[in-house]
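A.B. asks: My questions concern the predicted model and sequence given below.
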Amino acid sequence: KSKPFWSLLSDYGVFNSIIRVPITFPPEKLRGVQLSAMCVPDLRGTQGTFSQYTTQAREDRLKTGGEVHYVQRHGDRLDCHLLGPPSSNPRDKGALKLPFQLRIIDKTSAWLTQRARVRCFEIA
């Protein structure tokens, strides 16, 4: 029932950075920057539903919430799609989908490809 400490800092003119604090949406005006975390509405109208992609068999997984997408590995390649918001085109049914391909390079890196765009990232 009090003001958040970053609001008090702002009141005293102190610049502050608030990064990924849960339930800070919408971000408030302050002297600094704020990046909201959990409970931020996403493009699909949910409160930040996460997606998990796995090659594990369905019966081997614990239910952790969010959406679980089961993908099959074909050699060094996995093909899948990201789900987006509902399509605004009446001819389309369901959510928009963005196909992607993950090509495994070695134990620590992979290539993520979407059509002509290519991004490289490190696997944590």
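C.D. replies: Happy to help now that I have it.

A.B. asks: any idea how far the most centrally placed residue in the chain is from Arg44?
C.D. replies: Residue closest to the mean C-alpha point of the chain, counted by CA atoms, centre = their mean, is Phe50 at 5.9 Å. Counting by CB to CB, to the nearest Å, the gap between Phe50 and Arg44 amounts to 11 Å. (Glycine included, C-beta is placed from N, CA and C.)

A.B. asks: list the contacts for the residue nearest to Val40 when sequence neighbours are not counted?
C.D. replies: Nearest residue to Val40, sequence neighbours excluded (CB to CB, 6 or more residues apart in numbering): Phe25, at 4.6 Å. For Phe25, the contacting residues are Ser36, Cys39, Val40, Pro41, taking CB atoms under 8 Å, 6 or more residues apart in numbering as the criterion.

A.B. asks: Assess the claim that the last one and Gln47 are in contact.
C.D. replies: Meaning Pro41. Yes. With contact taken as CB atoms under 8 Å, Pro41 and Gln47 are classed as touching, separated by 6.3 Å.

A.B. asks: and Leu9, what element?
C.D. replies: Counting by DSSP states H and E, the element that carries Leu9 is helix 5-11.

A.B. asks: just checking, what packs against that helix?
C.D. replies: The criterion is 3 or more CB pairs under 8 Å, 6 or more residues apart in numbering; DSSP states H and E, and the helices and strands that helix 5-11 contacts are strand 16-21, strand 32-36.
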